[in-house]
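Asks: Here is a sequence together with a model predicted from it:
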Amino acid sequence: MVKILVIDDEELARFTIREVLESKGYSVLEAGDGEKGIEIFHSEHIDLIITDIIMPKKEGVETIIELRKEAPDLKIIAISGGGRTRNLDFLKLAGEYGANKVIAKPFSATDLLSAVQECLE
Amino acid sequence: MVFVVSLVVSLALGAWYNSVITEQSARLVEVAQSRARMIEAIAEYDRLDGYNHDRTHADSEKVTLGQVASAHKKFKGFGDTGEFTLAKKEGNKIVFFLKHRHDIEDIPKDVVWGSDVAAPMHKALQGESGLLIGLDYRGVEVIAAYEPVKLLNYGLVAKIDLSEIKKPFIYRAIQLILISITMVTIAALFFMRISTKLLRKIEHDEALIRGVIESAEDLIFAKNLTGQYIFVNRAMECLYNLPKAKILGKTPHEILPESLADNMCLNDGLVLKNIKFNNLECHFLIDGEIETYHTNKSPMVLDNGQISGQIGVSRNVTEQIKTESSLKDAVEKLDYTAQKYQKIFKTAEVSLWDEDFTELCTALEKLKNKGVVDIRKYLNDHLSEAYDLAALIKINDVNDKTLAIYGAKSKEDFFNSVTDTFGEDGIHIFIDEVEALWTGERSFTAKSKQRKVDGSEIHVVISIPLPKDKKLLKNVPVSIVDITERIIFEQKMVEEEKAKAELEFIVNQSPIVAFLWKNKEGWPVEYVSENVSAWGYSKEQFETNKISFSDIIEPRDLKKMSEEIQKYSEKYEDSFTQEYRILTPDGSVRWIDDKTWIRRNAQGEITHYQGICIDITEQKEFERQLWQAQKSESLGNMAGGIAHDFNNMLLPIIALADLTANQLEDNDPIRKRLIKILESGQNAQELVKRLMIFAREEETLLKEVDVNDLLASSFDLLQATIPSSMEITCNLLEKNVNILGSYAQLQSVFINIAKNAADAVQGKNALLDIKTSVVLNNFPLLKSFLKDGKSEKYLHIRMKDNGPGINQKHLARIFDPFFTTKPVGEGTGMGLAMVLSIVSAHHGVITVNSRLNKGTTFDIYLPII
Amino acid sequence: MNEPSDVKQQFDSFFADRSATSKGRVFVLDLSPVKDVLGDRWEKLKQQVYLTTSDVVLHRIQPTDIHCRWDDERYLVAFGALDQARGRIKISLIAQEITQRLLGSTDQDKAIKISMATTDENGEFSWDKDAAPSKLAVEKTLPKAPIKNEQTKEKPDAVGRDGIDFVFRPLWFVKNKIISSYFCIPVRDKGDGHFLSGYDILNDPQDPHAITALDLLTMKRIHKEALALEDTKMPALLAVPIHFESIASGGRRSTLIDQCKKNLGPHRNKIVIELTNLPEGIPQSRLQDFIQILKPFSRSVMARFSSGHRDFAGFKHVGLHAVGIDLYGDRREESKIIQSLEGFVENASKLGLHTYAHGVRSISLTTAAICAGIDYVDGYAISDVHEGARDIKHYSIRMPYASKYSADEPSHE
């Protein structure tokens, strides 16, 4: 069972992504911020992490940097939509700091799923 | 008289007597009572004392008596006959204890009880207290107060002989009677003497009167009740030409012809009924002349009120009447003239002063006699004398117009300030006036500057007719006409001429075009400055009315202009500003800023408009650009905020619609719908992305761009993307330059404009010509626009198509985001907005020009590095 | 100290939903100076005193604040919606006003004293009768973040020029990826490696004279630094804080202006002025006033507001370049802070104002701030303080990560 951890401070985003992922049979865990996300990561076996960038307590890039340090092989997809500005820059940065894929919100289910699939291969 | 006096006196005396009696009585009662009380007190004391000494009451009584007696011895009595008596009843005797005044013996005699003497004592011993007039123990009538002495059962009486009281009155009465008789006698004597004198006087006067009546010219008569003459004076005798004897006893009808007699007896009946009549007129023919008489008749009334006849006085008023009537005529005539004069004086539209020159002329005479020949020189040398002379003129009156002209509230007000009205030249005018008088001129006229009561200046013309006749000097009518308005007007005219000349000079030197328009249809130009040539028109064309101003105005602005002018004119504004477009002879449009002044005539009607016009075309362009930029900027500011939320909101829509759609069968109708939702969401996403460009949150990386390179590649791109039906021409720069920019963005500029052109032309023979050149940063448009226009040189790209053109209304909006003339679904209207945004980001300028059916031209300027 | 239970309840409930932020919000107004002055008449007049005090307090507080008379000489006032700094100012003003009305003087000796109540971990509150205002400087230590140096504040021993040092905090101009300005901050060495910083170093941070004095002192230091920068031809900008207290009152203002002329005038191109401690709802005209006064000595003027402030109408017009917030003292959860950031920036930027944020203390806040669109940020997540202004240096969005994580940097910049 593939476990995917979704880290996003937006409840609606988590719900949407969960729906999409579960439809394909993935198991989904949620976290509202990077801190919680890392906590879950430490306590569960996670196959893939989908993380937003702008989050309180620990934001996406930070999280990715930390995760990468711990688990260089971990698959990470960075998403972003938040902020009046520049979130694309941060998305890009996320990619540079180790995200395998970056997708800007809003994305279609197809796009997400294909990205997930690519990562898991 | 005597009787009356006596009566009065007696009455007075009587009253007096009564009051004295009353008084005495009261006193007696008082005295008796107090004495009795005192004796009682002593008796009681002695009795009490007796208890201590074991005395009997009788002994105590004796003691008391002894004391009383010894006291009584020392007391003579009061008045002449007043005394106290003290007595006790013993058996059938009244025993008196105290020595009687009137007796010689010490021990008084007893009196038998019940005898008719000692009446008061009887009462007292019966225990009564009071007052009576009666007989005392001597049998003499007394007024006595009696009082019982309790304890001892004595009686006490205080009494006075009545005669004592009466005596004085009798004396008085006799005295008074004697006096009154004397007085009355004297009075009577006086009276007789006076009345005698009076009578004599009366008699004398009577004689006098009689004399008067007789000799009077007036007819005086008296008639009795039956109309017979009972008295006539001499005048009557003359009138009737009859002696008295022949008249008396006869009625007028027996003497005069009937008509005359009737006249004489006019109203007699009424007179006899006690009615007076005055001024009854009757006429007599005497010596061939008609004489008019006025008669006053009144009834003769006796003492008892009865009418015994009538008296009449008749006066010959013939002369009087004559005089009166001629006087009346004269007065009327005078009155009429005076009124006429008054009327003229009052109501004249000219200020009239009624002045008295007599004193002035007298003074002048004196001077003449002194030997003064040249009065002008004399007065100029002796100005103070001139002032003195001027003061000699008296002002009798002034008319209302004077008050009006000088602004005085009343004549008083005016007279108080009349000296203030004279201007500085006043004295010199006066000297001229005097000279005119001196030399015998018939009249004198002068212009002068004077002052109103409030100090404001007026210009006047003074005119004075100079009378030769001394009599007329008293009322010289001086007339003064206010010509202030005219003078001011003249002055104004001069000033205006000067101002106009100056203005012309200034105006012709400046680029401001000055106009003077007539307030007529089309605004014909009365005057325009030379520099209207800058607009492509000549001064002559306007001033000769070959063209009127409305001819050169852009038709679309004409209506607004006239409406505005109308509005301002109605509002009574002095001036207003407008903006409108004019067409130059070559058809181009120029924006004009026009400040106009309204010129009105004295009636307030508008005669002309005067205005200065400035060509603000370039500024307008600048404004427009700025406005565009601002719109984009604010949009950008908004966009940032929207985008964030938007993206988050779109995620569920896009993702879940997509997901659900994929979970359905291909032919499931719901699937179609979901796909529509998905597509729509994605469109929205696109839109947001484009919006974000305005937010300029995306960084524009500006690099050095090789222009020719850019042009070449863009050209290729265009060829590839634009429909082949459109022919595109483009030239490269002769001398290549670099600009700072984003390749991609600049390319998108080309593409967007080209796409628009292609869409617009839509057909064969579509042409898009791209011309590029390098221009210097020296023309005003660029200069004013570029905030950081540091570059000296600019790359100018002109893209012109031969499409249908864009109408003016749309032209203003083509750079607006979301503005599109394309149908819904085709195009988002963002293309040109993005172009503008990109050009601005490159610190450049873009302008557009278009004429219907003449195509559209875009001009882009980018700074060259 | 007796605590009537209902008041305790009141205060408890007050603190209940503000537990973490309670400290620094409860104050005691000590009326004993008034009592002293009135002497014998105190008994007679004390009702009047209470009336006046209540009147002033009621006038000045918001519905979110509570107050009550504690005992014969003490009033308690708790501010619900103000942070510590604002609360201090407000209570200070209230105390001044009451003193003025009661005693007619603003003599410090006769002034009503203020002390601050504190809560301990259990939410129990107590206060110090000693009322050493410097106690106000005590603050909980901040969570985690390894960069701390300027943090912990405790009671200083003495006030005065000695012992006061200045550091420079870099300000990051995000869009241009540079650190180009340095804020001058007064600090005081605690002795144990920790510093007191900011205006907390004052014994009585509410004392307007002290505040002004410190402003002036800071200005002097800026002047010195500006000269140094000129010498080395470094183009960095220097940011000067100027407190409301220093410019609001006529007397202090003139001194301020003189000093501005002297110290800032010669370097105006390098100087950015930050107006701080502006009272809530300051009218635009007043702000304009201040800006007019300060503009001649600076290249731009910024003004600090609370993060909830949304109405910036007309501020750009009156010459304000940027508006900003200070997150140093903001105890809210990061999610709340992040939420308010966007609102703040949106409202400011739609009116053309730039924005800044002090005290971004974590990377998450930094990222959020940048993505919200804040133009200038500073805080220990950004950089350490320095002894002097440095040269302008390149600072991209990577830097915060770099400074936090000394681990491998990505290959490309």
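Replies: Received it, and whenever you're ready, just let me know what you need.
Asks: how about the helices in the stretch 151-300 of chain C?
Replies: Counting by DSSP state H, counting those that start in this stretch, the stretch 151-300 of chain C has helices at residues C:208-232, C:244-248, C:250-259, C:284-294.
Asks: any chance of those helices in CSV, plus distance to chain A and mean pLDDT?
Replies: All C-beta spots, glycine's among them, are computed from the backbone N, C-alpha and C. Listed next are the helices of the stretch 151-300 of chain C as CSV, based on distance: least, C-beta to the nearest C-beta, whole Å; pLDDT from 0 to 100:
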stretch, distance to chain A, mean pLDDT
helix C:208-232, 30, 84
helix C:244-248, 30, 85
helix C:250-259, 37, 83
helix C:284-294, 26, 86
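Asks: got JSON lines for the ones you listed, with mean neighbour count too?
Replies: Putting the helices of the stretch 151-300 of chain C into JSON lines (neighbours: other C-beta atoms under 10 Å in any protein chain shown) gives the following:
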{"stretch": "helix C:208-232", "mean neighbour count": "19"}
{"stretch": "helix C:244-248", "mean neighbour count": "22"}
{"stretch": "helix C:250-259", "mean neighbour count": "15"}
{"stretch": "helix C:284-294", "mean neighbour count": "17"}
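Asks: quick one: low-confidence parts of chain C?
Replies: Flagging of chain C using pLDDT under 70 yields the residue ranges C:1-25, C:83-86, C:89, C:100, C:103-111, C:117-162, C:190-196, C:403-413.
Asks: can you list the helices of the stretch 151-300 of chain C in TSV and add distance to chain B?
Replies: Converted to TSV, these look like this (distance: least, C-beta to the nearest C-beta, whole Å):
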stretch	distance to chain B
helix C:208-232	26
helix C:244-248	29
helix C:250-259	32
helix C:284-294	20
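Asks: For those helices, give me JSON lines that also has distance to B:I722.
Replies: JSON lines is the format used below for the helices of the stretch 151-300 of chain C (distance: least, C-beta to C-beta, whole Å):
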{"stretch": "helix C:208-232", "distance to B:I722": "56"}
{"stretch": "helix C:244-248", "distance to B:I722": "62"}
{"stretch": "helix C:250-259", "distance to B:I722": "64"}
{"stretch": "helix C:284-294", "distance to B:I722": "53"}
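Asks: and B:E792, what does it touch?
Replies: B:L776, B:N777 (C-beta atoms under 8 Å, 6 or more residues apart in numbering or on different chains).
Asks: same check, this time on B:T347
Replies: B:T347 neighbours (C-beta under 8 Å, 6+ apart): B:N399, B:D400, B:K401.
Asks: filter the residues you listed down to the ones near chain C?
Replies: When the contacts of B:T347 are checked against chain C using C-beta under 8 Å from any C-beta of the partner chain, none falls in range.
Asks: Just the buried residues from the residues you listed, in ChimeraX please.
Replies: Here is the ChimeraX selection string for the buried members of the contacts of B:T347, based on 16 or more other C-beta atoms under 10 Å in any protein chain shown:
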select /B:399,401
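Asks: So which of the contacts of B:T347 are in helices?
Replies: B:D400, B:K401 (DSSP state H).
Asks: Now do the top helix by length along chain B: which elements does it pack against?
Replies: Longest helix in chain B by number of residues (criterion: DSSP H): helix B:162-215. The contact analysis (3 or more C-beta pairs under 8 Å, 6 or more residues apart in numbering or on different chains; DSSP states H and E) places helix B:162-215 against helix B:2-53, strand B:141-149.
Asks: winner for burial among the ones you listed?
Replies: Of the helices and strands packed on helix B:162-215, the one with the most neighbours on average (mean count of other C-beta atoms under 10 Å in any protein chain shown) is strand B:141-149, at a mean of 25.
Asks: how about the helices in the stretch 301-450 of chain B?
Replies: B:318-347, B:358-370, B:375-381, B:383-391, B:400-406, B:411-417, B:426-438.
Asks: Against chain C - does the helix or strand of chain A with the lowest mean pLDDT have any residue that ends up touching it?
Replies: Taking mean pLDDT, DSSP states H and E as the measure, chain A has helix A:87-96 as its least confident helix or strand, at a mean of 86. Yes. Interface with chain C: helix A:87-96 contributes A:N87, A:D89, A:F90, A:L93, A:E96 (C-beta under 8 Å from any C-beta).
Asks: State the pLDDT value of the residue nearest the centre of chain A.
Replies: In chain A, the C-alpha nearest the mean C-alpha coordinate belongs to A:I50, at 1.6 Å (C-alpha atoms, centre = their mean). On pLDDT, A:I50 comes in at 96.
Asks: Verify the stated contact: it with A:K75.
Replies: No. Judged on C-beta atoms under 8 Å, A:I50 makes no contact with A:K75 at a distance of 9.3 Å.
Asks: Might you name the residue of chain A sitting closest to chain C?
Replies: Scanning chain A for the residue nearest chain C gives A:G83, at 2.6 Å (criterion: C-beta to the nearest C-beta).
Asks: A helix includes that residue, no?
Replies: No. Assignment of A:G83 by DSSP: H, G, I helix; E, B strand; the rest coil gives coil, placing it outside any helix.
Asks: can you count the residues close to it?
Replies: 28 (other C-beta atoms under 10 Å in any protein chain shown).
Asks: Mind putting the helices of the stretch 301-450 of chain B into TSV with distance to B:E147 and mean pLDDT?
Replies: As requested, the helices of the stretch 301-450 of chain B are exported to TSV (distance: least, C-beta to C-beta, whole Å; pLDDT from 0 to 100):
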stretch	distance to B:E147	mean pLDDT
helix B:318-347	99	75
helix B:358-370	108	88
helix B:375-381	120	86
helix B:383-391	107	84
helix B:400-406	104	84
helix B:411-417	95	80
helix B:426-438	115	85
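Asks: B:N736 is nearest to which of the ones you listed?
Replies: B:N736 lies closest, by C-beta to C-beta, to one member of the helices of the stretch 301-450 of chain B: helix B:400-406, at 88.5 Å.
Asks: Provide a list of residues in contact with the nearest residue to C:V272 once chain neighbours are set aside.
Replies: Leaving aside its chain neighbours, C:V272 sits nearest to C:A239 (4.5 Å; criterion: C-beta to C-beta, 6 or more residues apart in numbering or on different chains). Residues counted as contacts of C:A239 (C-beta under 8 Å, 6+ apart) are C:L171, C:S181, C:Y182, C:F183, C:C184, C:I271, C:V272, C:I273, C:E274, C:M302.
Asks: at 6 Å instead, please
Replies: C:S181, C:F183, C:V272, C:E274 (C-beta atoms under 6 Å, 6 or more residues apart in numbering or on different chains).
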